[in-house]
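Asker: Can you look at this prediction? I've put the sequence above it.
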Amino acid sequence: MSQTDVATLEVHSATGLPSRKILMWAFIGSECMLFGSLIITYLVYRGKSIVGPYPEELLNIPFITVTTFVLLMSSLMMVLALSAVQRGDMKWGKVWLLMTAVFGMVFLGGQVYEFTHFVHEGLTLQTNLFGGSFFLLTGTHGAHVTVGVIWLLSLFFMGVRGRLTQASAETVEIAGLYWHFVDVVWIVLFTLIYLLS
Amino acid sequence: MAVTGAVGAETPGVGAQDHGGTYSGGIWSWLTTVDHKRIGVMYGVSAFLFFLVGGIEALLIRLQLGTPENTLINPDLYNQLFTMHGTTMVFLAIMPLSAAFFNFIVPLQIGARDVAFPRLNAFSFWVFFLGALFMNSSFLFGGAPDAGWFGYANLTSTQYSPGMRVDFWVLGLLVLGVSSIAAALNFIVTIINLRCEGMHFMRMPLFTWMTLITSFLLVMAFPAITVGLVLLMFDRMFGTQFFNPLAGGDVLLWQHLFWIFGHPEVYILLLPGLGMVSEIIPVFSRKPLFGYAFVVYSGVLIAFLGFGVWAHHMFAVGLGPVANTVFAAATMLIAIPTGVKIFNWIATLWGGSLRLKTPLYFCLGFIAMFIIGGLSGVMHASAAADLQQTDTYFIVAHIHYVLFGGVMFALFAGMYYWIPKVTGRMLSDRLGKIHFWIMLVSFNLTFFPQHFLGLHGMPRRTFTYESGLGFEAMNLMSTVGALLLGSSMLIFIWNVLQMLRKGPPTGADPWGGSTLEWSIASPPPHYNFKVLPKVYGRDPLWAADTSDSRPGDDVEAPEPHMPGPSAFPLTTAIGIVVMAAGGLTTTLPVLFVGVAVVLFGVYGWAFQPLEH
Amino acid sequence: MAQSNEHVQHAHPSNGTYVLVAAVLGVLTAVEVAVFYLEAVRPVLVPLLLTLSAAKFTMVVGFFMHLRFDSKLYRALFVGPLVVAIAVMIAMLFINGVFRL
C-alpha cells in the first residue's frame, strides 16, 4: 500500500472549490448573526422611546423606496460585471463595475441626506432609543456599503491599469457575493424598519 | 531519512534539529512569519504568559479571602482583579492556548502544508497579542476594568463606571473579536479545503473535528457580543440611551446579547479540550476511539444546542416561568451528548493496553473533574435550584470545575502530548506526574469547598466576609489550595525549561500516534510534508504500521515552495490597536492614523504576491 | 477527491435571466410599497410584507449569488448561521413580548 502517491505540489483543494469563496461564504454566515443581533436590538426597542420624534413622524417611504430600488439595481450591475469579466469582456466588465459603485454611492448619498434630514427634525443618536437603534442599524449597513464601494472602485482601477483579467473572475465574484449580501440585508431592513413602522 | 514503522527514536541526530529553519532566524523573521507552526508557538507562549498573569490575579484574590475581614487588597483593586482574572483566563489564556493547538496541530493532522490563509493567520495572532497588551495596559492608566467579566449593564454606564477602565474592556474585547473571527474563518476554510487526499470528513481526527465545530461557534457567537459591546461603546462615548432605564433602555438586552455569545463561548472553550482528550486516550490505550461517529455528532449537537440555552444564565432576572422552563429543559438536554462523550472515552479505555504516561494521567483527571463540573451544572440547570445558587461561590466552583478541572486538564494533556512534536524533545514524565498529582489535589482543595461556601450563602465578587459566618475554614483551605495550585505550574515551567536545555530527542513518533502529525520529523520541516500524504482510513499511521512506507518526507522530491514572510499582517494589526487607542482617548487624529495604517496594511497585503 | 462538485455547476444563468430577476425584484418592491399604502390589506400586512421580503431575499441569494446553482457547501455555510440567527431572533422577540410587529 503506497501512502505517498506523488501528489501535486500546488495548493490543493479537497472540495474542488476555491478557498477564498468558501471564506467569503463563511464570513457572510457570520454577518447574518451580526445583523441579526442589530435587528434584535432595533425590534426590542420598537415603541420603547419615551420622547419623540417617533419613526412614523420621520420615515419617508417614497424617498427610501427610490434608494432601495437603486441598491437593488446595483446588484444587477454587479452580476453583469461578473458575467462580462468571466467572458473576458474587460471593457464592459469595467463599465458595470463602475456603475455598481456609482449606484452604491447614490444609495449612500440618499442615506446621508436622510440622516441629515432626521437630525434637522431633531432626531440624533442621543434623542431616544429609536434614534440610537435606527442610526446604529442603518449606519452599520451604510458602513458595509461604503466598504463595498471602496472595494469595487479598487477593482475598477485595477481594471483601468490592466491588472484585472479574465483570470481574476474569482476576485470579482467574491466582491460580488459581498455586495449582494449587503443588498439582501437592505431588503430585510427596508421591510422591517420602513414598511412595518 | 527513513521513517519506519517502529515507535519513536528512529530520527537520527539531536532533538531540536531545525528542518529548513523552522524556528531559526532573528526577531524580524518572527514578526513577519506566516508559518502556522511559528504562529502556533507564539500563540502558545503568549497565552501561557497571560495564563500566569491571570493566575497571579487569582492568587491575590485568594490571599485576600484567606481570612475574614482581610485588608490586604482594597475593594477597588479587588474588583479589578476578579474582572481581569475572568477576562484574562477566558479571552487571553484558554482561547489562545486552544488557538496555539489549532495552529500547530490541525494543518499537520489533515496533511496540509499550512493553513488556507497564512497571512490572515499571522494577522489573527498579532491582533490577539496587541489587543491583549492593550487591555492589560489599563493597569498602568488609572486602573483595570472593574465591572466583572460579563460587564452587566448598567454597572458599566458612565454614571457608575466613570473613567477609562470599562472603555479598555469594551475596546479590548472588540479588538480580540476581530482576531477570533479571522482565525475561525481561516480554520473553517483550512479544514474544509486543505484535507489531504482520502481524508473524508468522517476520517478526520477528532481534534480537527472539534476545531471545526469550535470555529463555527466562534463565527456565529462573536457577532452577538460585538453588537452588545458596540451598543455599550455608543452609550459611553456618544451618549446614546441603549442601557439607560430612564430613557426606556433595557439593561437585560445586554445580558441577552452577552449570553447569546457567552454560552456558545463556554463550548468554544471546552470543545478543543474534548477533541484533545479524544485523540490522546486512544493512543495511550492502543485502540481506536470507541464510537467515533457518536463523538463527532455529539460535538455537533453540543454546539447546536449551545445556541438555545443562553437564558439559563439569567434565571434570576425574572423572565417568567415559560422562558425559564424552556431554557432549563434545553440546558438539561446538553447533558446527553456530553454524557455520550464521557462513555465513549471510558469505553475506549476499557480493555485497552493502557500506557500510564503523563498525557493519559491528565486525561483521566480531566474526565473525573469534568464529571463533577457537569453534575453541578445540571444542578443549576434547574431554575428553582439556580435561584439559590446564582451569584454565590457555588457558581464559582462550577465554572472552575468545568474550565480548570475540565479544560485546563485537557490542555495540559495536550501540551504533554504535543510539545515533543513542537520542540523535538521529550518532557520529563516523572516531573509531569508530580505536576499532575499536585495539580489534581490542590485543584480540589481549592474549589471543592467553594461548593459548600456557595450553598451556605457566600456571595461571589465580594472583597471580604465577616468572621463568625462559618466561612473561615473553607476559605482558608481554598487559599492554601490555590497557592499549591500555583506552585504546580512552577513544576511545569521547570519541566519545559529542562526539556529545552537537555531533553532527550523524540524522533518522529514518541507515542505511537495514529494521526498524520506523527509521520513527519519533530519539529516538522517548514513545509511539513514534502509530498502531500494520502490516507485510507481513520488511523493512517496504525494502518501503515506494518508496511514499509508512511506518509512522510522520506521521498525524493523537490522542496515545496512556501508563502514568503509579510510585514503587512502585523502592520494592519498595529493599525487596529491604534484605532482602539484613538477611540479610548477620543482623539480623532490618533483614530485617523489608525485607519490610515489599516488601509495601508490591507492594500499592501492585497497586492503583495503570496510567494516572493 | 470524490466529492468534487467542480464540474456539476457553473451553469450560470444568462444575462437575460439576470435582467428578468432584477425586473421581478423591482416589481416586488413596488408591490410592497403599494401594499403599505392599501387600507384593505391592513389585517394581513405583516405576513404579506414578510413573505414578499423573503421572496426578494431568496431571489437575490439564489440567482445573483448563484446559491441555486453552486455547491451545496456554500448553501450550508450560509443557511446554517442564517437559521441560527433567525431562531435566536424569534426567541428574543418571544422573551421580550414583541410579537405585535
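Answerer: Received the coordinates, thanks.
Asker: Break chain C into its domains for me.
Answerer: C:1-70, C:71-101 (automatic domain parsing).
Asker: and the next element down the chain from the lowest-mean-pLDDT helix or strand in chain A?
Answerer: Each helix and strand of chain A was given a mean pLDDT (mean pLDDT, DSSP states H and E); the minimum falls on helix A:55-58 at a mean of 89. Moving toward the C-terminus from helix A:55-58, the next helix or strand (DSSP states H and E) is helix A:61-87.
Asker: Go through the domains of chain C and pick out the most buried.
Answerer: For these, the largest average neighbour count (mean count of other C-beta atoms under 10 Å in any protein chain shown) is found in domain C:71-101, namely a mean of 17. All C-beta atoms are positioned from the backbone trio N, CA, C, and that covers glycine.
Asker: For chain B, tell me whether that domain is touching it.
Answerer: Yes: Domain C:71-101 lies within reach of chain B by C-beta under 8 Å from any C-beta of the partner chain, at C:73, C:77, C:80-81, C:84-85, C:87-88, C:91-92, C:94-96.
Asker: that older thread, now for the domains of chain C, which one comes closest to residue B:317?
Answerer: domain C:71-101 (10.7 Å; C-beta to C-beta).
Asker: what about the closest one, near chain A?
Answerer: Yes: contact of domain C:71-101 with chain A (C-beta under 8 Å from any C-beta) involves C:71, C:73-74, C:77-78, C:80-82, C:84-86, C:88-89, C:92-93, C:96, C:98, C:101.
Asker: Leaving out sequence neighbours, find the closest residue to residue 129.
Answerer: Since no chain was named, I'll use chain A. residue A:45 (4.2 Å; C-beta to C-beta, 6 or more residues apart in numbering or on different chains).
Asker: was after chain B, sorry
Answerer: Once flanking residues are discounted, residue B:129 sits nearest to residue B:46: 5.5 Å by C-beta to C-beta, 6+ apart.
Asker: all helices of chain A, in order?
Answerer: According to DSSP state H, chain A carries its helices in the segments A:19-44, A:55-58, A:61-87, A:90-120, A:129-160, A:169-189.
Asker: Of those, which shows the lowest average pLDDT?
Answerer: Confidence, taken as mean pLDDT, is least for helix A:55-58 of the helices of chain A (a mean of 89).
Asker: still on that earlier bit, need the max-distance pair from the residues of domain C:71-101 next to chain B.
Answerer: Every pair of the residues of domain C:71-101 next to chain B checked by C-beta to C-beta; the farthest is C:73 and C:96, at 35.3 Å.
Asker: Helix or strand for residue B:591, just tell me which one.
Answerer: Assigned by DSSP H and E, residue B:591 falls within helix B:588-607.
Asker: Run the angle between that helix and helix A:169-189 for me.
Answerer: 140 degrees (axes from the mean of the first three to the mean of the last three C-alpha atoms, to 10 degrees).
Asker: on contacts alone, who are the packing partners of helix B:588-607?
Answerer: Contact analysis of helix B:588-607 by 3 or more C-beta pairs under 8 Å, 6 or more residues apart in numbering or on different chains; DSSP states H and E lists helix B:568-585 as its packing neighbours.
Asker: And the helix it packs on, how far out from the chain middle?
Answerer: Offset of helix B:568-585 from its chain centre (C-alpha atoms, centre = their mean, to the nearest Å): 24 Å.
Asker: what does stretch C:37-50 give?
Answerer: 19 Å.
Asker: that older thread, need the helices of chain A in JSON lines (columns: mean neighbour count).
Answerer: Listed next are those as JSON lines, based on neighbours: other C-beta atoms under 10 Å in any protein chain shown:
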{"stretch": "helix A:19-44", "mean neighbour count": "23"}
{"stretch": "helix A:55-58", "mean neighbour count": "14"}
{"stretch": "helix A:61-87", "mean neighbour count": "21"}
{"stretch": "helix A:90-120", "mean neighbour count": "18"}
{"stretch": "helix A:129-160", "mean neighbour count": "20"}
{"stretch": "helix A:169-189", "mean neighbour count": "23"}
